[in-house]
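Enquirer: got a sequence here, can you build the structure:
(one chain, ligands or ions: 3)
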Amino acid sequence: MGRAFVYVILGGGVAAGYTAHEFVKRGVEHGELCIISEEPVAPYERPALSKGYLLPEDPARLPAFHCCVGTNEERLTPKWYKEHGIELVLGTRVKSADVRRKTLLTATGETITYKILLVATGARALKLEEFGVKGSDAESVCYLRDLADANRLVNVMQSSSGGNAVVIGGGYIGMECAASLVINKINVTMVFPEAHCMARLFTPKIASYYEEYYQAKGVKFVKGTVLTSFDFDSNQKITAVNLRDGTKLPADMVIVGIGIRPNTSLFEGQLTLEKGGIKVNGRMQSSNSSVYAVGDVATFPVKISGETRRLEHVDSARKSARHAVAAIMEPEKTTDFDYLPFFYSRVFALSWQFYGDSTGDVIHFGDFLGNSFGAYWVNNGHVVGSFLEGGTKEEYEAIAKITRLKPEIEDLTDLETQGLRFALTL
Ligand code: FAD
Ligand code: NAD
Ligand code: ISD
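Expert: Ligands and ions are numbered 1, 2, ... in the order given. All right, here's what the predicted structure looks like:
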């Protein structure tokens, strides 16, 4: 026995919230749409968890950051879903899917049937065990993906005030959490295997700006090595972490941010997978025409680079979600998704944005000793990517615009001399 819906959104994160919003905007009928989520709360803006949620004073708490406040649109509280006749099946994991029969089986034993399925299962945090390190279920070791993780992290931070934290990983979680730890008056050492932080995006020059800024806030960096084991006291409390290079770092708490793995397992053997995600076309439609995929789990064609990519960022989750609904509800009016990759972060008083692709030659510009600087990436004679720290709204819009326009560059030295002016005057 079970329920049947026209549209089912599997997953209750950012993409799910924006999908539901778009369905309502385009006139879904009461009783047609259902969201099934393992999380016990309605979709929320996940980026808040590593920023406002971790503040010691006046921290962000639900219901303040339900979708879609991240784009300054209406806030979709549980009441909103009720008013629009959308079934929220929360705290419920889907344990199997049958795309031929168009059914989902939940862990509570219910079979839910759909006509069209939107997969928005996002990703899970990689565990240290997957790299051969034991002990990551210890009380003071924290990961950060969902609200339950964030609550745990807040408790561990509160009991570690004035103590030492080791942050494993130099990516987004590592950088944003390290800043939050400092704000919470905890001493921070960051450990990562690369030569500099944010190795997937930052150039060494950009990275050194942020690393120096963090060092001035007291953060220590241990680079080019990884964690191999933990030391515990007689109460099984972590006292130190041991690194491959032989260093022992005292630790009252540990935060691990070593990347994610998309949640595709329900569909393995049923849908085409590529680059770790569910392969979709420019309408976000998978190899089964009744199944769409959006957000972190979708591998989609990025027109501007001519490649398929899986992006792990909130803007892509929001826009791919809206695009899938447009393609479902107004197929004739909807052309292929034309997405300009957009990443950003905010830490301390810093704020940067990046658009496009980080391939080719890099041209840095601006004042690396001051508050505003940036870079262009030039590939095959065209600007393909732009980065800016400390920009104004107009300046960010200008770098986004030129990245989309992909202007031809004849002289790299001239581009360097013009710097931000190049984007502002094009
Ligand atoms: P998610 O938001 O992860 O949602 C997936 C949902 O599916 C979850 O509710 C999950 O419980 C549910 N689910 C999975 N499997 C099942 C199942 N079998 N049954 C039922 N439910 C299931 N990006 C930025 O661009 N800028 C930022 O500043 C930023 N900050 C971030 C901070 C943090 C702490 C994190 C973790 C991510 C951040 N991101 C940021 C990334 C961004 O949040 C993600 O790209 C975005 O959330 C992806 O949306 P999604 O809906 O695809 O996946
Ligand atoms: P990430 O991919 O940004 O960084 C992973 C980091 O793990 C690497 O930089 C590397 O330093 C480190 N690493 C890899 N293997 C390791 C190992 N064996 N030992 C130690 N370190 C190792 O992933 P993340 O920081 O975990 O972030 C998780 C997800 O959350 C990503 O999808 C990210 O995009 C998202 N997120 C985004 C933002 C943002 O866009 N502002 C903020 C927070 C989180
Ligand atoms: O894009 C974002 C972001 O960085 C957040 O913190 O959305 C959230 C919301 O603005 C939180 O309220």
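Enquirer: not counting sequence-adjacent ones, nearest residue to the closest residue to ligand 2 within the chain?
Expert: Minimum separation of the chain from ligand 2 (C-beta to the nearest ligand atom) falls at G171, amounting to 1.9 Å. Backbone N, C-alpha and C define where each C-beta goes, glycine included. Of all residues not flanking G171 in the chain, G257 sits nearest, at 5.8 Å (C-beta to C-beta, 6 or more residues apart in numbering).
Enquirer: ok, now V133?
Expert: L227 (5.8 Å).
Enquirer: and the residue of the stretch 201-350 of the chain nearest ligand 3?
Expert: Distances between the stretch 201-350 of the chain and ligand 3 by C-beta to the nearest ligand atom are smallest at V314, namely 5.4 Å.
Enquirer: how near is that residue to P47?
Expert: For V314, the distance to P47 (C-beta to C-beta, to the nearest Å) stands at 5 Å.
Enquirer: identify the contacts common to these two.
Expert: In terms of C-beta atoms under 8 Å, 6 or more residues apart in numbering, V314 and P47 are both contacted by the residues G70.
Enquirer: ok, the two, which is more surrounded?
Expert: A count of neighbours by other C-beta atoms under 10 Å puts V314 above the other of V314 and P47, at 22 against 19.
Enquirer: that one: what's it in contact with?
Expert: Taking C-beta under 8 Å, 6+ apart, we find V314 in contact with 14, 45-47, 70.
Enquirer: again, but for Y213
Expert: Neighbour list for Y213: 348, 350 [criterion: C-beta under 8 Å, 6+ apart].
Enquirer: can I assume it sits in a helix?
Expert: Yes - assessed with DSSP: H, G, I helix; E, B strand; the rest coil, Y213 lies in a helix.
Enquirer: per-residue confidence at it?
Expert: pLDDT for Y213: 98.
Enquirer: quick check: the gap between it and R421.
Expert: Per C-beta to C-beta, Y213 is found 25 Å from R421.
Enquirer: ok, D146 next?
Expert: Noted for D146: a distance of 43 Å to R421, by C-beta to C-beta.
Enquirer: over to F337?
Expert: 32 Å.
Enquirer: residue of the stretch 201-350 of the chain closest to ligand 1, please.
Expert: G295 (2.1 Å).
Enquirer: at which residues are the helices of this protein located?
Expert: 14-25, 78-83, 147-159, 172-183, 204-216, 314-329, 393-405, 412-418, 420-425 (DSSP state H).
Enquirer: export the ones you listed to JSON lines and tack on distance to F232?
Expert: What follows is those, written out as JSON lines (distance: least, C-beta to C-beta, whole Å):
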{"stretch": "helix 14-25", "distance to F232": "36"}
{"stretch": "helix 78-83", "distance to F232": "41"}
{"stretch": "helix 147-159", "distance to F232": "15"}
{"stretch": "helix 172-183", "distance to F232": "21"}
{"stretch": "helix 204-216", "distance to F232": "28"}
{"stretch": "helix 314-329", "distance to F232": "36"}
{"stretch": "helix 393-405", "distance to F232": "46"}
{"stretch": "helix 412-418", "distance to F232": "52"}
{"stretch": "helix 420-425", "distance to F232": "51"}
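Enquirer: ok so, going back, F337 and R421 - which one has more neighbours?
Expert: Higher neighbour count among F337 and R421: F337, with 24 against 11, using other C-beta under 10 Å.
Enquirer: the more buried one contacts M284, correct?
Expert: Yes - with contact defined as C-beta atoms under 8 Å, F337 reaches M284; the gap is 6.5 Å.
Enquirer: separation between the residue nearest the centre of the chain and Y214?
Expert: For the chain, the residue nearest the mean C-alpha position is H313 (3.9 Å; C-alpha atoms, centre = their mean). With distances taken as C-beta to C-beta, H313 is found 22 Å from Y214.
Enquirer: swap in N155?
Expert: 24 Å.
Enquirer: which of these two has more neighbours?
Expert: Taking neighbours as other C-beta under 10 Å, N155 and Y214 compare with Y214 leading, 22 against 13.
Enquirer: neighbours around T239, how many?
Expert: Counted by other C-beta under 10 Å, the residues lying close to T239 total 15.
Enquirer: same question but for K102, I mixed them up
Expert: Number of residues near K102 (other C-beta under 10 Å) recorded here: 18.
Enquirer: one more: A321?
Expert: With other C-beta under 10 Å as criterion, A321 counts 31.
Enquirer: just confirm it contacts G295, I think it does.
Expert: Yes - A321 lies in contact with G295 (C-beta under 8 Å); the separation is 6.5 Å.
Enquirer: any shared contact partners between the two?
Expert: 14-15, 120.
Enquirer: all good on my end, thank you.
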